[in-house]
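Q: Got a predicted structure plus its sequence, pasted below:
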Amino acid sequence: MKMEEIIRAEGLKKYFPVEQSFLERIRGGNLFVRAVDGVSLTINKGETFALVGESGSGKTTMGKLMLKLLDPTDGRILFNNQDITFLKGERLRRMRKYMQMIYQDPYASLNPRMKIIDIISEPLIEHEICDGDEARRQAKGMLERIGLIPSENFANKYPHQLSGGQRQRIAIARAMILKPSFVVADEPVSMIDVSLRISILELLENFRKELNTAMMFITHDISVASIIAKRMGVMYLGKLVELGLLEDIVNTPAHPYTIALLSSIPSIKTKIKGIKIKGEIPDPKNPPSGCRFHPRCPFATEKCRVEEPPLIDLGKGHFSACHYAPEIMQKARNGFFA
Ligand code: SF4
């Protein structure tokens, strides 16, 4: 079945200026944190796409750029084949109902002064979809839909009166009540008790199926991504370094950084033996030359230090930004790394 695209990023960049004194600017020029540095990817209607990477890889900035919560420094965003890169004002506000964000911390993302019923119904009123009575009626239905039953016991409570898991359910209900076509869920289970994570992932998955909503699921944990996503992108220091079907990436990773991520998760089912990477993620103000991963990569060569690797097409929608991707993939097939 041919997949239909809902959103596409083309060469997306976001550089944040660094605060510098006048003298620093004179000596070294303007400095920027290159949070996202030329990322292109496509997400299809109704699919869950996982964006994975360590903290500082640029995945949250990428999510915000896709939703137009940040303006890009360069590149384009196409939503439903429409260029939305420079959309502003009323046209942007009208488009927002189709694109929603679920944040990592449900406590910070819910207004502590609002009752639960008003938190869930507010987007319907804000986007003039219905009047207050109808919005509250739908919000009550939503409370039941997310398992907060009977709804009267929850409708007039405030966020601080609920548990972390219940608050995240409310944040999901608030996003989903608009029946969005695209949602960015930024680490939505990382602050939730481990015992409740699966039920939150199931809730997201059920909404996705029911509403045919596409989701970008941001996480640092490939094992969580593997529960919910079919396709995955791996980010490192503002760049996309691997992209493909999650199953292919887990079984035959084609980038050393992905292998290192996989090795750090004992629960994930992969035959790959681990490799160890050195040091910390480098300073995004001053990224390494050539392949950004070279100071930490056990396979780095002189070519890696000087030449930036492009994303190479390895077939079946699998891409890797490594000069030695075919060799790395073959080693992974054999299940062996020195
Ligand atoms: Fe490692 Fe070189 Fe591949 Fe970069 S291009 S991941 S440094 S082998």
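A: Structure's in. What do you need?

Q: so Glu327 sits in a strand?
A: No: assigned with DSSP: H, G, I helix; E, B strand; the rest coil, Glu327 falls outside any strand and is helix.

Q: burial count for it?
A: For Glu327, the count of nearby residues is 12 (other CB atoms under 10 Å). No exception for glycine: its C-beta is placed from N, CA and C like everyone else's.

Q: Please report the distance of it from Leu240.
A: According to CB to CB, to the nearest Å, Glu327 and Leu240 sit 20 Å apart.

Q: and what of Met99?
A: The value you get for Met99 to Leu240, if CB to CB is used, is 21 Å.

Q: out of these two, which sits in the more crowded spot?
A: Leu240 (27 against 23).

Q: On the secondary structure side, give me the element for that one.
A: strand 239-245 (DSSP states H and E).

Q: mind checking how far Arg208 is from the ligand?
A: 33 Å (CB to the nearest ligand atom, to the nearest Å).

Q: Kindly report the same for Ile228.
A: Taken as CB to the nearest ligand atom, the span from Ile228 to the ligand is 27 Å.

Q: Which stretches in this protein count as helices?
A: Secondary structure of the chain (DSSP state H): helices at 22-28, 59-66, 89-95, 106-109, 116-126, 132-145, 152-155, 164-176, 194-211, 222-228, 246-251, 256-263, 302-306, 325-333.

Q: Dump those into a markdown table; add distance to Tyr236 and mean pLDDT as well.
A: Converted to a markdown table, these look like this (distance: least, CB to CB, whole Å; pLDDT from 0 to 100):
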| stretch | distance to Tyr236 | mean pLDDT |
| --- | --- | --- |
| helix 22-28 | 25 | 68 |
| helix 59-66 | 10 | 97 |
| helix 89-95 | 31 | 93 |
| helix 106-109 | 27 | 81 |
| helix 116-126 | 35 | 96 |
| helix 132-145 | 38 | 96 |
| helix 152-155 | 41 | 94 |
| helix 164-176 | 28 | 95 |
| helix 194-211 | 25 | 93 |
| helix 222-228 | 14 | 93 |
| helix 246-251 | 14 | 93 |
| helix 256-263 | 5 | 90 |
| helix 302-306 | 13 | 97 |
| helix 325-333 | 14 | 90 |
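
Q: My read is that Ile177 contacts Ala139, right?
A: Yes: using CB atoms under 8 Å, Ile177 is in contact with Ala139, at 6.8 Å.

Q: if you count what's nearby, which of those two comes out ahead?
A: Ala139 (25 against 21).

Q: Pull the contacting residues for that one.
A: 117, 120-121, 124, 155, 173, 177 (CB atoms under 8 Å, 6 or more residues apart in numbering).

Q: If we use 6 Å, what do you get?
A: 117, 120-121 (CB atoms under 6 Å, 6 or more residues apart in numbering).

Q: How about Ala229?
A: By CB under 6 Å, 6+ apart, the neighbours of Ala229 are 48, 50, 217, 246.

Q: follow-up on the earlier one: so what's in contact with Ile177 and Ala139 at the same time?
A: Ile120.

Q: And Gly141, how far from Gly132?
A: Gly141 is 15 Å from Gly132, by CB to CB.

Q: so which of the contacts of Ala229 are also by the ligand?
A: Among the contacts of Ala229, no residue is within reach of the ligand (CB under 6 Å from any ligand atom).

Q: tell me which of the residues you listed is nearest to Leu67?
A: Phe217 (13.8 Å; CB to CB).

Q: tally of neighbours for the closest one?
A: Phe217, neighbours per other CB under 10 Å, totals 27.

Q: can you tell me which residues contact it?
A: Contacts of Phe217 by CB under 6 Å, 6+ apart are 48, 50, 185, 228-229.

Q: try 7 Å this time
A: Shown in contact with Phe217 (CB atoms under 7 Å, 6 or more residues apart in numbering): 48-50, 185, 225, 228-229.
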